[in-house]
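Student: Need a 3D model of the sequence below.
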Amino acid sequence: MDDDLKNKFKSKLNCDGFIKVTENPTTTLTSEQKALLNRKGNVYFNSGDINTARRIFLATGYSDGLSRVGDTYQKRGDELNALKYYILAHNKHKSEPLLEKAAQMISFLLNEEE
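Tutor: Numbering: from 1, shown residues only. So this is what the prediction gives:
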């Protein structure tokens, strides 16, 4: 089992929550407004301002942008945040391997307690 992932998981045990997700953006935007914001988000993302891009993509519910944010967290080794953004993007191809890894970790921790 990946010791780094185990340590990350243990560090999250005392947090207020594991992964906070929302299905729908909190604001009502027209398609034109979403498209304009998504273009701005892409500009921020491509210039390296991932945090601003992330906030825009969350507001618009832009799945491709959210997946790319997840990819960024994945490259940084932050699998829990990567999983969050893959789930928000409804990207099963990328979220399922991380969910499987988390399930293995939980299984390992439960077996360790017995």
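Student: how about the helices in this protein?
Tutor: Under the criterion DSSP state H, helices of the chain are mapped to 3-12, 31-46, 50-60, 63-75, 79-88, 92-113.
Student: what residues are up against Gly41?
Tutor: For Gly41, the contacting residues are Thr52, Ala53, Ile56, Phe57, Thr60, Tyr62, Gly65, taking C-beta atoms under 8 Å, 6 or more residues apart in numbering as the criterion. Where you see a C-beta, it was placed from the backbone N, CA and C, and this is true even at glycine.
Student: Got the confidence number for the fifth one?
Tutor: At Thr60, the pLDDT value in this model is 93.
Student: Okay, it and Leu99: tell me how far apart.
Tutor: Remark: distance between Thr60 and Leu99 (C-beta to C-beta, to the nearest Å) = 25 Å.
Student: ok, now the first one?
Tutor: In this structure, Thr52 and Leu99 are 28 Å apart, going by C-beta to C-beta.
Student: Having no further points to raise, I will conclude here.
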